[in-house]
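*Asks:* this one's structure only:
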């Protein structure tokens with residue numbers, strides 16, 4: 001049992017489980033009933049997405065220093081009580097079920113999902129390779 005970190009819209013692996021979208025907005029031009037069928041997500045959890053202002057900073061981060069500032073801001077947002085409880089819950093569930101979390105970004109290294117992966121690991125989540 002584990003949590004897998006994925007790019008939304010990419011083909012699913014057989015053992016991926018329920019796919020959770022941790023994005024601020026649903027995919028453009030896709031009907032809600034097609035989100036799962038088209039490999040975006042089965043359930044939407046925008047609470048784990050960076051705020052709109054922070055998303056803009058992350059998308060425009062060109063330097064390591066700018067990316068580090070984005071990471072600091074995202075970690076701060078995820079330390080809020082509600083977000084922190086959701087992260088704790090997902091970490092616990094990773095030991096008893098299969099599911100995945102993800103975002104649309106092509107480059108995981110410059111995407112909040114890379115930080116989300118670390119946040120889950122820090123809470124003891126079982127992370128799939």
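*Replies:* Received the coordinates, thanks. What you are looking at is a predicted structure, and each value in this text was computed from that prediction instead of being measured.
*Asks:* surely residue 6 is in a strand?
*Replies:* Yes. Counting by DSSP: H, G, I helix; E, B strand; the rest coil, residue 6 is part of a strand.
*Asks:* you'd agree it is up against residue 102?
*Replies:* Yes. Judged on CB atoms under 8 Å, residue 6 makes contact with residue 102 at a distance of 3.9 Å. Glycine gets a C-beta too; all of them are placed from N, C-alpha and C.
*Asks:* ok, longest helix in the protein?
*Replies:* helix 64-78 (DSSP state H).
*Asks:* between residue 6 and residue 102, which contacts overlap?
*Replies:* Common neighbours of residue 6 and residue 102, using CB atoms under 8 Å, 6 or more residues apart in numbering, are 19, 113.
*Asks:* chain neighbours aside, what residue packs nearest to residue 10?
*Replies:* Of all residues not flanking residue 10 in the chain, residue 39 sits nearest, at 6.3 Å (CB to CB, 6 or more residues apart in numbering).
*Asks:* same deal with residue 83?
*Replies:* residue 47 (5.7 Å).
*Asks:* do the same with residue 36
*Replies:* residue 42 (4.7 Å).
*Asks:* all the helices of the chain, residue numbers only.
*Replies:* Going by DSSP H, the chain shows helices at 52-59, 64-78, 81-93, 112-122.
*Asks:* what angle separates the helix or strand of the chain with the lowest mean pLDDT from helix 64-78?
*Replies:* Every helix and strand of the chain was ranked by mean pLDDT, DSSP states H and E. The lowest is helix 52-59, at a mean of 93. Here helix 52-59 runs at an angle of 150 degrees relative to helix 64-78 (axes from the mean of the first three to the mean of the last three CA atoms, to 10 degrees).
*Asks:* now do helix 52-59: everything it contacts.
*Replies:* 24, 49-50, 66-67, 69-70, 73-74, 77, 110-112.
*Asks:* next, the buried residues of that helix.
*Replies:* Residues 54, 55, 57, 58 are the ones in helix 52-59 that count as buried (16 or more other CB atoms under 10 Å).
*Asks:* before we move on, back to that, distance of the residue nearest to residue 10 from residue 6?
*Replies:* Applying CB to CB, to the nearest Å, the value for residue 39 to residue 6 is 9 Å.
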